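[1] How does the following fold in three dimensions:
(2 chains)
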Amino acid sequence: MAEGASEGLVLLDFWVSPFGQRCRIALAEKGVEYEYREENLRDKSPLLLKSNPVHKKIPVLIDHGKPVCESLNIVQYIDEKWPDRAPLLPADPYARAEARFWADLVEKKVCIPPPPPRMYESGTKLWKLKGEAQEEATKEFIEMLKLLEGELGDKKYFGGEMFGLVDIALIPFTAWFYSYEACAKLSTEKEVPKLVAWGKRCRERESVSKSLPDPLKVYEFVCFLKKVYGIE
Amino acid sequence: MASAAGEVRLIGAWPSPFVLRPRVALNLKGVEYEFLQEKFGEKSELLLRSNPVYKKIPVLLHHDKPVCESMIIVEYVDEVWATTGQAILPADPYERALHRFWAVYVDDKWFPSMFGIAKAETEEAKAESAEQAWAGLKLLEEAFEKLSKGKTFFGGDTIGYVDIALGAYLGWAKVIEQMTGLKLLDEEKTPLLAVWAERFCAHEAVKEVMPETEKLMEFAKMRLGK
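    Predicted structure coming up:
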């Protein structure tokens, strides 16, 4: 396929990164070919540093030499660059504004990024803290999931029938639920059954199942991080 | 373009830089709207109902349907009134991505450093925040050079997405400059931005809604005093 031929499109990424996975899902939804490059985050490539000099973070999508940074930005870029297929945002401006709002909320409230300084995002707190602090974090996390479940309601996806931006923004974090449950003794199945069902539906899409890591591998990674931070 | 009475309403407050953003966008599109000023220290029922998640201003009510978060409102205005006034986001997907990136940078990284100057309790902390703010402005100066392509605004000949994102903070930037004696937008450090700031504030779509520095100073003192 000439369009998006892999010499032109490169994704700088890290296997476990939910932010990178968002981009992979979007590219897969559009059926666009690209070259995936795994970055060693402890030894970032010159290409990464050059492409994202401001934040020096993955993911970065490099389109014929031009870098696009920040995962939700990349997803919107992908949607706008290939508008002729699999729209990731609805056509109606009001529905689009709603989608952007909820995707932004996921960004603000859910994120579980790797190493410091972003210590206090909801999910990360669950495995980094202990005792009362962890309980507090667990409550906060569940509240936030319930808020999202409320927005989902009985719809197939956040966008209704259409799999889109909000689904893409949130689905990678479901691969971390197993780890949170193991570390913080919570049951997402019990607390947010509709959201869990939504997660399963999303994973039936090839774009998602191919992009998301095995939750057990994520758990191995979390255990490794816990060792690194000296947390038991 | 006149809108039917009550069709477009904006819940906000005059000192808020976030509220300024949709006001500029609506002005750029020539859209008439009713401004619903919130009382200080007391959130209205309408606000709480319209933005139950964050309970914050601004909220745009279009045919009574709420849109929340300032830059999301700006993009919404740009899309709904796409055929009137000028485009706020450019047409090209790559340029749009750049505008979005820098708007997020302004809010996530630059604003906290600017605000840090105001909050700083020691001279050292103040100096550190100032250094961070200047470093951020240098990056924004480079971004300006790239996006403006020699024209007046980040959006080129007309006010664009990043102009609105960053320009909204100029009123408070001036207050911080007066309160601290530090020059944030320094012609020597960031010459292009220094000129841009004047042009932005003088623009028709901005000048009536940009709060006067004296009024903001009074407001700041009153809020800090309590």
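
[2] Only C-alpha atoms from now on, for both contacts and neighbour counts.
    Will do.

[3] List the buried residues for the host helix or strand of residue B:200?
    For residue B:200, the enclosing helix or strand under DSSP states H and E is helix B:191-202. Going by neighbour count (16 or more other CA atoms under 10 Å in any protein chain shown), the buried part of helix B:191-202 is B:192-194, B:196-197, B:199-201.

[4] Over to stretch B:45-53?
    B:47, B:50-51.

[5] Closest one of these to residue A:42?
    Nearest to residue A:42, judged by CA to CA, of the buried residues of stretch B:45-53 is residue B:51 at 41.1 Å.

[6] show me the contacts for the closest one.
    Shown in contact with residue B:51 (CA atoms under 8 Å, 6 or more residues apart in numbering or on different chains): B:59, B:66, B:68.

[7] Surely residue B:87 is in contact with residue B:161?
    No. Applying CA atoms under 8 Å, one finds residue B:87 not in contact with residue B:161, separated by 9.1 Å.

[8] Identify the residue nearest the residue positioned nearest the centre of chain B in space, chain neighbours excluded?
    Taking CA atoms, centre = their mean as the criterion, residue B:168 is the residue nearest the geometric centre of chain B, at 2.2 Å. Among residues not flanking residue B:168 along the chain, residue B:17 sits closest, at 4.9 Å (CA to CA, 6 or more residues apart in numbering or on different chains).

[9] residues near the one you found, how many?
    When neighbours are defined as other CA atoms under 10 Å in any protein chain shown, residue B:17 has 23 of them.

[10] Residue A:208 now?
    23.

[11] what's the lengthiest helix in chain A packed up against?
    In chain A, assigned by DSSP state H, the helix with the most residues is helix A:131-152. Packing partners of helix A:131-152 (3 or more CA pairs under 8 Å, 6 or more residues apart in numbering or on different chains; DSSP states H and E): helix A:122-128, helix A:177-184, helix A:193-203.

[12] Just the residues contacting it, thanks.
    A:109-110, A:122-123, A:125-128, A:158, A:184, A:186, A:191-192, A:194-195.

[13] what's downstream of it, the next helix or strand?
    Once helix A:131-152 ends, the next helix or strand along the chain (criterion: DSSP H and E) is helix A:165-174.

[14] Next, the angle from that following helix to helix A:131-152.
    Going by axes from the mean of the first three to the mean of the last three CA atoms, to 10 degrees, helix A:165-174 is angled at 150 degrees with respect to helix A:131-152.

[15] what residues does helix A:165-174 touch?
    A:18-19, A:21-22, A:25-26, A:72, A:75-76, A:88-89, A:99-100, A:102-103, A:106-107, A:110-112, A:157-159, A:199, A:202, A:212.

[16] out of those residues, which touch chain B?
    Counting by CA under 8 Å from any CA of the partner chain, A:76, A:100 from the contacts of helix A:165-174 sit close to chain B.

[17] Tell me how many other residues surround residue B:39.
    For residue B:39, the count of nearby residues is 10 (other CA under 10 Å).

[18] Near chain B, which residues of chain A are found?
    Proximity of chain A to chain B, by CA under 8 Å from any CA, involves residues A:68-70, A:73-74, A:76-77, A:80-81, A:93-94, A:96-98, A:100-101.

[19] More neighbours: which of residue B:87 and residue B:161?
    Using other CA under 10 Å, the more surrounded residue of residue B:87 and residue B:161 is residue B:161, with 28 against 22.

[20] still on that earlier bit, out of the helices and strands packed on helix A:131-152, which comes closest to residue B:40?
    Among the helices and strands packed on helix A:131-152, helix A:122-128 sits nearest to residue B:40 (CA to CA), with 30.6 Å.

[21] before we move on, back to that, neighbour-wise, which of the contacts of helix A:131-152 leads?
    Within those, most neighbours by other CA under 10 Å means residue A:126, with 28 neighbours.

[22] Kindly state the pLDDT recorded for that residue?
    Residue A:126 is assigned a pLDDT of 71 by the prediction.

[23] quick revisit: got the contacts of residue B:51 as TSV, with distance to residue B:216 columns?
    Formatted as TSV, the contacts of residue B:51 follow (distance: CA to CA, whole Å):
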residue	distance to residue B:216
B:59	21
B:66	28
B:68	24
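
[24] Check which helix or strand residue A:28 maps to.
    Assigned by DSSP H and E, residue A:28 falls within helix A:18-30.

[25] residues in contact with that helix?
    Contact with helix A:18-30 is made by A:13-15, A:33, A:58-59, A:71-72, A:74-75, A:78-79, A:82, A:85-86, A:88, A:168-169, A:172-173, A:207-208, A:211-212, as judged by CA under 8 Å, 6+ apart.

[26] With stretch B:170-185 instead?
    Stretch B:170-185 has contacts (CA under 8 Å, 6+ apart) with B:17, B:114, B:117-118, B:130, B:133-134, B:137, B:193-194, B:197, B:201, B:210-213, B:216-217.

[27] Name only those of those residues that count as buried.
    Buried residues within the contacts of stretch B:170-185, counting neighbours by 16+ other CA under 10 Å: B:17, B:114, B:117-118, B:130, B:133-134, B:137, B:193-194, B:197, B:201, B:210-211, B:213, B:216-217.

[28] And the helix or strand hosting residue B:219, how far out from the chain middle?
    Assigned by DSSP H and E, residue B:219 belongs to helix B:213-225. The chain centroid and the centroid of helix B:213-225 are separated by 18 Å under CA atoms, centre = their mean, to the nearest Å.

[29] returning to that earlier point: most widely separated two among the contacts of helix A:131-152?
    A:128 and A:158 (29.8 Å).

[30] hang on, the earlier thing: tell me the residues that contact both of residue B:87 and residue B:161, please.
    In contact with both residue B:87 and residue B:161: no residue, using CA under 8 Å, 6+ apart.

[31] Please identify the residues of chain B in proximity to chain A?
    Residues of chain B lying near chain A (CA under 8 Å from any CA): B:67-69, B:72-73, B:75-76, B:79-80, B:93-94, B:96-98, B:100-101.
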